[in-house]
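Asks: sequence first, predicted coordinates after that:
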Amino acid sequence: MMPLNFAILKLFTDGREACPDEVIEALRPVYGGFKALNRKDVLTALMTAESNGLLEESRFDLDDGGDVRLFFRANSDGLAAINRYIR
């Protein structure tokens, strides 16, 4: 099993766009027992990947509770880098 942060990045290599809650749901079957699989830590991982040029913020909206949801996706350069370093 790869580290959680690697799994988060690999999730975006299929072209998907996702917010932290969607990332959590997608990874819950394998990583559900990980303490860091929560909204705050996943958002931090996504924003770190964005600051390192691996992901980009694609849009935002409001969830049913009125909270802002940020969505991320991998651009072509980020996609190439993720696939090059994480197999």
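Replies: Right, received. Where do you want to start? Just so we're clear, the structure is a prediction, and the values are computed from it rather than from any experiment.
Asks: so which residues of the chain form strands?
Replies: For the chain, the strands defined by DSSP state E cover 56-62, 68-73.
Asks: report the angle between the last one and strand 56-62.
Replies: Meaning strand 68-73. With axes from the mean of the first three to the mean of the last three Cα atoms, to 10 degrees defining the directions, strand 68-73 sits at 150 degrees from strand 56-62.
Asks: can you list the buried residues in strand 68-73?
Replies: Applying a neighbour-count criterion of 16 or more other Cβ atoms under 10 Å, one finds 69-73 buried in strand 68-73. C-beta here means a position set from N, CA and C on the backbone, and glycine is covered the same way.
Asks: then stretch 29-48?
Replies: Neighbour-count burial for stretch 29-48 flags 31, 37, 41-43, 45-46 (criterion: 16+ other Cβ under 10 Å).
Asks: and of those, the nearest to Glu57?
Replies: Distance to Glu57 across those (Cβ to Cβ) is lowest for Leu46, with 8.7 Å.
Asks: my read is that Phe60 contacts Asp67, right?
Replies: No. With contacts defined as Cβ atoms under 8 Å, Phe60 does not count as touching Asp67, sitting 10.6 Å away.
Asks: which stretch among the strands of the chain comes nearest Met2?
Replies: Met2 lies closest, by Cβ to Cβ, to one member of the strands of the chain: strand 68-73, at 18.7 Å.
Asks: what helices or strands is that closest one leaning on?
Replies: helix 20-31, helix 39-51, strand 56-62 (3 or more Cβ pairs under 8 Å, 6 or more residues apart in numbering; DSSP states H and E).
Asks: try 7 Å
Replies: Where contact means 3 or more Cβ pairs under 7 Å, 6 or more residues apart in numbering; DSSP states H and E, strand 68-73 is packed against strand 56-62.
Asks: quick one, the strand it packs on and helix 39-51 angle?
Replies: Comparing the axes of strand 56-62 and helix 39-51 via the same axes, to 10 degrees yields an angle of 140 degrees.
Asks: mind saving the C-alpha coords of strand 56-62 as PDB?
Replies: The C-alpha coordinates for strand 56-62 follow below in PDB (Å, rounded to 0.1, in the frame of the first residue of the first chain):
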ATOM      1  CA  GLU A  56      -4.500  23.100  -9.700                       C
ATOM      2  CA  GLU A  57      -7.700  24.600  -8.200                       C
ATOM      3  CA  SER A  58     -10.300  24.000 -10.800                       C
ATOM      4  CA  ARG A  59     -13.400  25.600  -9.300                       C
ATOM      5  CA  PHE A  60     -15.300  26.200  -6.000                       C
ATOM      6  CA  ASP A  61     -18.900  26.100  -4.900                       C
ATOM      7  CA  LEU A  62     -20.900  25.900  -1.700                       C
END
